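[1] Give me a model of this one.
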Amino acid sequence: MSEQCFQKVTPELEKELRAMFPGKVYTGSEINEDYFHDEMPIYGKGMPEAVIEAGSTEDVSKIMKLCYENNIPVTPRGAGTGLTGAAVALDGGVMIDMTKMNKIISYDEENFVVTVQPGVLLNDLAEDAQKRGLLYPPDPGEKFATLGGNVSTNAGGMRAVKYGCTRDYVRSMTVVLPNGEVTEFGATVSKTSTGYSLLNLMIGSEGTLGIITEMVLKLIPAPSETISLIIPYENLEECIATVPLFFKNHMQPQALEFMEKEIVEASERYTGKNVFPKELEGVQAGAYLLVTFDGDDMEALEDLTEKAAEVVLEAGALDVLIADTPVKKKDVWAARSSFLEAIEAETKLLDECDVVVPVNKIAEYLSFVKEAGKSYDFEVKSFGHAGDGNLHIYACANDIEEETFKEQVGKFMTEIYKKAADLGGLISGEHGIGYGKKEYLASYLGDTQMRLMSGIKKVFDPKGILNPGKVIVS
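    Numbering: from 1, shown residues only. Okay, here's the model as predicted:
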């Protein structure tokens, strides 16, 4: 919660909002409780005083002008699938629901871009682009997040190892500033050396500097063929040690994921499908790599998978299983995509981090995490994007009190964030900082960088009304 003093949504202001947006304003008991939290409620809950469904840039501008004049805090929100408390109205005020701004406006196939509103779901753009033979490469695990949310957190995902993160696919955007002013950042062109990159400043700013109301996103021709490999190992150490070999041997996977046995078993219980081998010639599998290669020539892909098999088997893999049919590929990646849901289904108390470390430090880091976890009463589970060093570490508990859990998790997170920093890593690879991680960010970045970030926030939002209490420590 912010330390600033904001005004409340008065009956007079509510009346004015309802007149401006008939049928689109909700207050009190009209507000669905889903708006009170995101997918990680341990970082706090907050009830907005009013929720407004925005339908256009003009709508957002009108709301911001009114709130700016009256010093009302504003929280922009997409699908609410975030994991850091960034889209939670901890200070009350007005929440702007962006999900109704969900139009794919137009394609420019000559310049390989698409113009979208922020409420378009990642899954919807992916499917629509595929019909045109195009690919929107960013591929976060939550396929039903909004694109506006993805851009606001610079979401990464499973294809980042080959294609990069969301930031690499944003060409331009329309932004409503906290005072209601509308501006444009970026351009459709692929190169720029034209002043400070305000576009890149907005990407990953988590709704604290402005509200994105339209985006032009880069597309690429969709590869016509893909092959996925399931590679089991006896233990996590051997599994992770193999990762750098893909790059040393000039293989460029589209995705390169790792997962421990416990996560796989939870996912299969959740989905009801067994797709990962558990035992091979009497040896229990303790960890897995899931690898995808893509291209336009199946024969070349088959040669590549043969080369990959030779490399990983020599490095200690128990076997290499090929998922080369649509059904097999769908099942194995559905299992991977359901990891978080599977954990949530079996866990009462949950916290997580998504640190990123150099690829050659993954094994050392995970060994440290597993050892550190032994000192606490919760269970530690991990999976992540082995190809780019972005690791998802979960603290899971069912049998301890919430306050005890929070106290222990705080100590655990402090330990493992420090270790990530010591290894040359960062405290978030794709989920962002939000409310839940801002204290760790301040500790990691130090006074100079936090002062610069606070200064940027004040330039964009002098009254501090936009998504207060997030990212920046007050």
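
[2] Contacts for the biggest helix by length in the chain next, please.
    For the chain, the helix that runs over the most residues, judged by DSSP state H, is helix 438-460. The contact list for helix 438-460, computed with C-beta atoms under 8 Å, 6 or more residues apart in numbering, reads 177-178, 201, 208-210, 413-414, 417, 421, 426-427, 433, 464, 466, 470-473. C-beta here means a position set from N, CA and C on the backbone, and glycine is covered the same way.

[3] element containing the nearest residue to L304 once chain neighbours are set aside, please.
    Excluding the flanking residues, the one nearest L304 by C-beta to C-beta, 6 or more residues apart in numbering is F293, at 5.3 Å. Here F293 sits within strand 287-295, counting by DSSP states H and E.

[4] quick one: buried residues of the helix or strand that that strand is followed by?
    Helices and strands here follow DSSP H and E; after strand 287-295, the next one along the chain is helix 298-314. Across helix 298-314, burial judged by 16 or more other C-beta atoms under 10 Å covers L301, L304, T305, A308, A309, V311, V312.

[5] what helices or strands is helix 298-314 leaning on?
    strand 225-233, helix 243-248, strand 287-295 (3 or more C-beta pairs under 8 Å, 6 or more residues apart in numbering; DSSP states H and E).

[6] cutoff 6 Å now
    Packing partners of helix 298-314 (3 or more C-beta pairs under 6 Å, 6 or more residues apart in numbering; DSSP states H and E): strand 225-233, strand 287-295.

[7] Of those, which is nearest V170?
    Of all those, it is strand 287-295 that lies closest to V170, at 22.2 Å by C-beta to C-beta.

[8] Centre of the chain to that closest one, how far?
    Strand 287-295 sits 20 Å away from the centroid of its parent chain (C-alpha atoms, centre = their mean, to the nearest Å).

[9] Show me the contact partners of it.
    Residues outside strand 287-295 that contact it (C-beta atoms under 6 Å, 6 or more residues apart in numbering) are 223, 225-233, 236, 239, 253-260, 276, 301, 304, 336.

[10] before we move on, back to that, partner residues bridging the residue nearest to L304?
    I227 (DSSP bridges).

[11] mind exporting stretch 15-22 as PDB, just the C-alpha atoms?
    What follows is stretch 15-22 as a C-alpha-only set of coordinates in PDB (Å, rounded to 0.1, in the frame of the first residue of the first chain):
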ATOM      1  CA  LYS A  15     -22.500   9.700 -10.300                       C
ATOM      2  CA  GLU A  16     -20.300  11.500 -12.800                       C
ATOM      3  CA  LEU A  17     -18.600   8.300 -13.800                       C
ATOM      4  CA  ARG A  18     -21.900   6.500 -14.300                       C
ATOM      5  CA  ALA A  19     -23.100   9.300 -16.500                       C
ATOM      6  CA  MET A  20     -19.900   9.200 -18.600                       C
ATOM      7  CA  PHE A  21     -19.900   5.400 -18.900                       C
ATOM      8  CA  PRO A  22     -23.500   4.100 -18.500                       C
END
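
[12] Same question for it: list its buried residues.
    By 16+ other C-beta under 10 Å, the buried positions in stretch 15-22 come out as L17, R18, F21.

[13] can you check stretch 275-285 too?
    V275, F276, A285.

[14] and what of stretch 448-456?
    M450, M453.

[15] Show the average pLDDT along it.
    Summarised as a single mean, pLDDT over stretch 448-456 is 97.
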